[in-house]
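Asks: need a structure here:
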Amino acid sequence: MQRLTPGLVEIMWSLLYVIAIIASAVAAFGIVGFIPAAVVIVCWGFTLSAPTYGQRLGRAMVALVIVILLLALSLPGVQNARESSRRGFCANNLLQIWYGLDAYRKQHGDFPTASTTDGDGKPLLSWRLVLLPYLERNDIYRRIDHSKPWNHAVNQILTATRISFYQCPSDPSELPTTNYFAVVDQRTIWHRDQTERPKAMTDNPSQTIMLVEAYGRGIPWAAPEDLTFDDAVKLLTDAPLVNEGHARGRHVVFANGTVGFVGKPLTRATAEALLTCNGGEAVDTSGIEIVAPIQPYRTNQWALILFLILSLLPVVRVGVRKDAQGSE
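Replies: All right, here's what the predicted structure looks like:
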């Protein structure tokens, strides 16, 4: 079998490099990834085509500057992609919670109450804890003493466990807190305890908010604390702060399991109409973007890392070619 010539090997490696860098750029940035990939290929192709080591070294310096500037310019896009990813994870969390709520309703005939209570009507445990068996965390649920409050000594070790799907990825807190809340009021789906009669939902489920994302409240996920009607209205009608969660809005979950993103403040009338379950109001949902959970950013992140490595890898070829030239 005839051995491959050095020239043919060089062509094969160059072709493989071009394919790899285009593929990683498209995976990291989408279809626009062809542009940074083309810039990198042209820069290094021009550099490595120089006839002498000195010329290659000079061109390599220019190519490095161009590539580094290109990568720096792409960072805002990467940050936006990461924020989109965090939003996707957040939507996935809420969708997972909804599946748990729906499974509970199918088994018990109604959604859980906002909290369990003792004989005197004192709140003990949040609906979030009651939902754990339907979210594949029965390991915690079955060890909880349900006759004691969430922060009782016998329960504290378990309720101090951080539950990832109860916390938005944009929240940096390492504490066992939650960002997802029920809206507890006589006008909403959520009733406080079993002494209240379940409410018949006469409004369109696709226009009735069940859960609201709220950032930075520091409420433990197991605590029987949620949003009042006025709390929820304020969240939906106020513009998010710059350093608040997604900064551009907040998620909500409708009673049909649809996840929405409130990207701009709603009017008070719209917010109230969306929160009530039997108000019969006409609802304008133009300010809410119905979203589908997106793919996690991990794939894009690894593609970006690969693109960065490939963008700088040809620097090695400058030294390799010098050695080859010296040995000739």
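Asks: what about the strands in the chain?
Replies: Along the chain, counting by DSSP state E, strands occupy 115-117, 123-126, 180-182, 209-213, 250-254, 259-262, 288-291.
Asks: touching the fourth one from outside, list them.
Replies: Under the criterion Cβ atoms under 8 Å, 6 or more residues apart in numbering, residues 90, 94, 97-98, 101, 111, 168, 179-183, 189-190, 227, 232, 235-236, 245, 250-255, 274-275 lie in contact with strand 209-213. Every residue, glycine included, has its C-beta placed from N, CA and C.
Asks: just the helices in the stretch 201-328 of the chain please.
Replies: Taking DSSP state H, counting those that start in this stretch to define them, one finds helices in the stretch 201-328 of the chain at 229-237, 268-275, 298-312, 314-327.
Asks: mean pLDDT lowest where, among these?
Replies: Lowest mean pLDDT of the helices of the stretch 201-328 of the chain: helix 314-327, a mean of 59.
Asks: quickly note the distance from residue 213 to residue 69.
Replies: With distances taken as Cβ to Cβ, to the nearest Å, residue 213 is found 37 Å from residue 69.
Asks: now do the lengthiest helix in the chain against strand 250-254, angle only.
Replies: The helix spanning the most residues in the chain, taking DSSP state H as the definition, is helix 53-108. Helix 53-108 runs at 30 degrees relative to strand 250-254, counting by axes from the mean of the first three to the mean of the last three Cα atoms, to 10 degrees.
Asks: in terms of secondary structure, what does helix 53-108 contact?
Replies: The helices and strands touching helix 53-108, judged by 3 or more Cβ pairs under 8 Å, 6 or more residues apart in numbering; DSSP states H and E, are helix 6-29, helix 34-48, strand 180-182, strand 209-213, strand 250-254, strand 259-262, helix 298-312, helix 314-327.
Asks: of all those, which lies closest to residue 124?
Replies: strand 180-182 (15.8 Å; Cβ to Cβ).
Asks: returning to that earlier point: now the strands of the chain as JSON lines including distance to residue 144?
Replies: Listed next are those as JSON lines, based on distance: least, Cβ to Cβ, whole Å:
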{"stretch": "strand 115-117", "distance to residue 144": "10"}
{"stretch": "strand 123-126", "distance to residue 144": "7"}
{"stretch": "strand 180-182", "distance to residue 144": "19"}
{"stretch": "strand 209-213", "distance to residue 144": "22"}
{"stretch": "strand 250-254", "distance to residue 144": "25"}
{"stretch": "strand 259-262", "distance to residue 144": "28"}
{"stretch": "strand 288-291", "distance to residue 144": "33"}
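Asks: now for these, which one comes closest to residue 55?
Replies: Comparing the strands of the chain by Cβ to Cβ, strand 288-291 comes nearest, at 52.6 Å.
Asks: report the rounded mean pLDDT for the closest one.
Replies: Mean predicted lDDT for strand 288-291 stands at 76.
Asks: lovely, talk soon.
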